[in-house]
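Participant: next input, structure requested:
(one chain, ligands or ions: 4)
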Amino acid sequence: MATRGVKTLDFGGTKEIVYERADFPKAKLHQIFKDDTFAVMGYGTQGRAQALNLRDNGLKVILGLREGPSFELAKEDGFVPGENLFSIPEAAQKASVIMYLLSDAGQKTGWDTIKPFVTTGKTLYFSHGFSIVFSDQTGVVPPPDVDVILAAPKGSGTSVRRLFLEGKGINGSIAVWQDHSGKAHERACAMGVAIGCGYLYETTFQKEVLSDLTGERGILMGAIQGLFRAQYDVLRSKGHSPSEAFNETVEEATQSLYPLIAENGMDWMYANCSTTAQRGALDWWRPFYDASLPVFQKLYHSVETGEETRRSLESNSRKDYKQQLEEELRQIRDSEMWRAGQTVRSLRPERQSK
Ligand SMILES: NC(=O)c1ccc[n+]([C@@H]2O[C@H](COP(=O)([O-])OP(=O)(O)OC[C@H]3O[C@@H](n4cnc5c(N)ncnc54)[C@H](O)[C@@H]3O)[C@@H](O)[C@H]2O)c1
Ligand SMILES: CC(C)(O)[C@@H](O)C(=O)O
Ligand SMILES: [Mg+2]
Ligand SMILES: [Mg+2]
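Facilitator: Residues are numbered from 1 along each chain as shown. Ligands and ions are numbered 1, 2, ... in the order given. As a prediction, this is how the structure comes out:
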């Protein structure tokens, strides 16, 4: 179903539809969701950001959480047990929109608890295509008489909340898996705006999960640590000090050059560097492309075949999962490169004045 006010824009030669916050002013959100109760299941980085943004947008939000640190945090954030803070089944029962924001592994184990409350006319909402697309691994198969929609912010929940509070908005993707009401598309767009996104792109559950898993394993998180570390190790092996190796690898990237890419693109960042740097970057991006292309192809294959979701479910459901995760993060934190980074960051004038 078409939503009024949308724009079709040219993305490098391909026309795509985008939806913006301006297409869904608050009054329209309140009209669309006048009869809805949003139940946010899980209070991780996304659950918390989306719940707080929905609440600040004046919509009716309740939480479904298990007892523990998240429950306590929700109380600190002003949610009140018995009023708008419940157990998972209680919240699912009261909800018209079940926002399934447990961890992806938690969505698999929690499905038997949630399923009885996914009843006729309700909306089941996700911020990832994982559970639905890989239902052969998760068992998450919704009944046919509900809407199943997705609004996936393309960034950390921390940014979802921070940008919203600054009056900005992260970009997000929306998709419809099942349209029982005939309004699922409009409701997905409206939810994307209601949770704090500034603008939204169309996708499918399938495309969202494949691109998201590739991106985070690749450039956004996995590849960036691998590339940083490889350059840092070469500089160190050639006798450069930790501070010099860190600054030339990470600090300048995040503090100077990446913000320039964000502002106006790669060529503009190049144009703001010396002719010497430009010549070198223009000569060397190709060898890096050639070296990494097969790794990205291997990664996409591993995502597409379900290997990555299998690994994630298996590792996240282990009893010692938290300890193992903390140990792996500790190894990164305690590596020389990131210890050097800690000292470098402490020297930033804005940190020193605090
Ligand atoms: N983290 C992000 O910034 C981000 C961005 C876009 C989309 N997403 C998607 O949003 C969803 C939520 O992500 P997240 O990072 O906030 O989640 P998360 O992985 O941090 O987990 C959220 C919460 O789920 C709870 N949980 C896990 N298993 C549970 C169980 N069996 N019973 C009760 N509670 C349980 C945990 O206590 C945790 O606080 C996921 O589908 C994720 O892929 C996340
Ligand atoms: C923030 C990310 C990496 O974009 C998200 O996809 C996640 O899974 O946390
Ligand atoms: Mg992800
Ligand atoms: Mg992502």
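Participant: CA only for contacts and neighbour counts going forward, please
Facilitator: OK.
Participant: can I assume residue 98 sits in a helix?
Facilitator: No. Applying DSSP: H, G, I helix; E, B strand; the rest coil, one finds residue 98 to be strand, outside a helix.
Participant: pull up the gap between it and ligand 1, please.
Facilitator: Distance from residue 98 to ligand 1, counting by Cα to the nearest ligand atom, to the nearest Å: 13 Å.
Participant: wait, doesn't that residue sit right on residue 127?
Facilitator: No. Using Cα atoms under 8 Å, residue 98 is not in contact with residue 127; the gap is 11.6 Å.
Participant: and whatever residue of the stretch 201-350 of the chain ends up closest to ligand 2, helix, strand or coil?
Facilitator: Scanning the stretch 201-350 of the chain for proximity to ligand 2 using Cα to the nearest ligand atom identifies residue 216 as nearest, at 4.8 Å. Using three-state DSSP, the structure places residue 216 in helix.
Participant: give me phi/psi at the residue lying closest to it once chain neighbours are set aside?
Facilitator: Excluding the flanking residues, the one nearest residue 216 by Cα to Cα, 6 or more residues apart in numbering is residue 222, at 6.6 Å. With angles defined as degrees, to the nearest 10, residue 222 sits at phi -70, psi -50.
Participant: number of nearby residues for residue 222?
Facilitator: 13 (other Cα atoms under 10 Å).
Participant: state the distance from it to ligand 4.
Facilitator: Computed with Cα to the ion, to the nearest Å, the distance linking residue 222 and ligand 4 is 13 Å.
Participant: just residue 135 next, same as before
Facilitator: From residue 135 across to ligand 4, the span is 19 Å (Cα to the ion).
Participant: let me know the pLDDT of that residue.
Facilitator: For residue 135, the pLDDT comes out at 98.
Participant: pull out the buried positions in stretch 158-178.
Facilitator: Buried residues in stretch 158-178, counting neighbours by 16 or more other Cα atoms under 10 Å, are found at 159-164, 169-178.
Participant: what subset of those is also close to ligand 2?
Facilitator: Near ligand 2, judged by Cα under 6 Å from any ligand atom, there are no entries from the buried residues of stretch 158-178.
Participant: out of the residues you listed, list just those in strands.
Facilitator: 170-178 (DSSP state E).
Participant: and which of those residues is nearest ligand 1?
Facilitator: For these, the residue nearest ligand 1 by Cα to the nearest ligand atom is residue 172; the value is 8.7 Å.
Participant: the closest one and residue 192, how far apart?
Facilitator: According to Cα to Cα, to the nearest Å, residue 172 stands 7 Å off from residue 192.
Participant: surely residue 220 is in a strand?
Facilitator: No. Under the criterion used here (three-state DSSP), residue 220 is coil, not part of a strand.
Participant: still on that earlier bit, how many other residues sit next to the residue of the stretch 201-350 of the chain closest to ligand 2?
Facilitator: The burial count for residue 216: 14, using other Cα under 10 Å.
Participant: repeat for residue 328
Facilitator: Residue 328: 12 neighbours (other Cα under 10 Å).
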